[in-house]
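1. heads up, no residue letters with this:
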């Protein structure tokens, strides 16, 4: 089976740094993705880690440790527009033998002035 | 480029009614997906199509059927709607798995209420 755990809510202030953790149990694991979803909107892709280590894309960074089945998303210089839900998603093999994404339940980030 | 489009945006059904949700993508992607998202939860995979001509069950396929009409279009059918199917439905598409990452592009969603 596939399961991912992430905190349900995080609150931070504008300009701060916040880290959203994700632990996973996935058979045939390939990599970990992160998606952002604003209220009422569609999920949009943020980053992907296929190998251990840090990937940086502007203010956002993502980290993966395969040996620990753990990853995180780091958001720096927080802005009000970063208030959204953030989902980690693991690429793994599902029952059919094909690859598919399994999403965590999401972390709701509230950025306060 | 419109990306991924879905119709309708909103729908209200009575228990037992049927309907088809439509999805189309113009990015020439091989793979397409249907997810449902319940309040405060992540996305759960209903069905997916790795390539034209193939479909596979996801995590929550019961009560649904799909058709990959061609490379662009992937529809989701509810044969006999139930209140438990009240949800937001997202369609997504992606390129084939080559290259490792599989960025999925999502449509705007269909908000379905079953009374």
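-> Okay, I see it. Quick caveat, the model's predicted, so the values are computed rather than measured.

2. Now do the SS call for the most centrally placed residue in chain B.
-> Compute the mean C-alpha point of chain B, and by C-alpha atoms, centre = their mean the closest residue is residue B:34, 2.5 Å away. Classification of residue B:34 using DSSP: H, G, I helix; E, B strand; the rest coil returns strand.

3. Spit out the contact partners of it.
-> By C-beta atoms under 8 Å, 6 or more residues apart in numbering or on different chains, the residues touching residue B:34 are B:21, B:23, B:45-48, B:58, B:64, B:66, B:74, B:76, B:89-91. Glycine gets a C-beta too; all of them are placed from N, C-alpha and C.

4. Recalculate using a threshold of 10 Å.
-> By C-beta atoms under 10 Å, 6 or more residues apart in numbering or on different chains, the contact set of residue B:34 is B:6, B:21, B:23, B:43-49, B:55, B:58, B:60-61, B:64, B:66, B:74-76, B:89-92, B:107.

5. now residue B:36
-> Residues near residue B:36 by C-beta under 10 Å, 6+ apart: B:43-46, B:58-60, B:64, B:76, B:85-90, B:109-110, B:112.

6. Now the buried members of these.
-> Using 16 or more other C-beta atoms under 10 Å in any protein chain shown as the burial test, the contacts of residue B:36 include B:43-46, B:58-60, B:64, B:76, B:85-90, B:109-110, B:112 as buried.

7. Give me the subset of the residues you listed lying in strands.
-> With strands taken from DSSP state E, the overlap with the buried ones among the contacts of residue B:36 comprises B:43, B:44, B:45, B:46, B:64, B:76, B:87, B:88, B:89, B:90, B:110, B:112.

8. Please tell me how far the fifth one sits from chain A.
-> Residue B:64 sits 16 Å away from chain A, taking C-beta to the nearest C-beta, to the nearest Å as the criterion.

9. Could you work out the most separated pair of the ones in strands among the buried ones among the contacts of residue B:36?
-> By the measure C-beta to C-beta, B:45 and B:112 form the most distant pair in these, at 16.8 Å.

10. re the thing from before, how far away is the residue nearest to the centre of chain B from residue A:41?
-> Separation of residue B:34 from residue A:41 (C-beta to C-beta, to the nearest Å): 18 Å.

11. Quick check: residues of chain B near chain A?
-> B:3-4, B:6, B:31, B:33, B:35, B:37, B:40-45, B:48, B:50, B:54-59, B:88, B:90-92, B:94, B:97, B:99-109, B:111 (C-beta under 10 Å from any C-beta of the partner chain).
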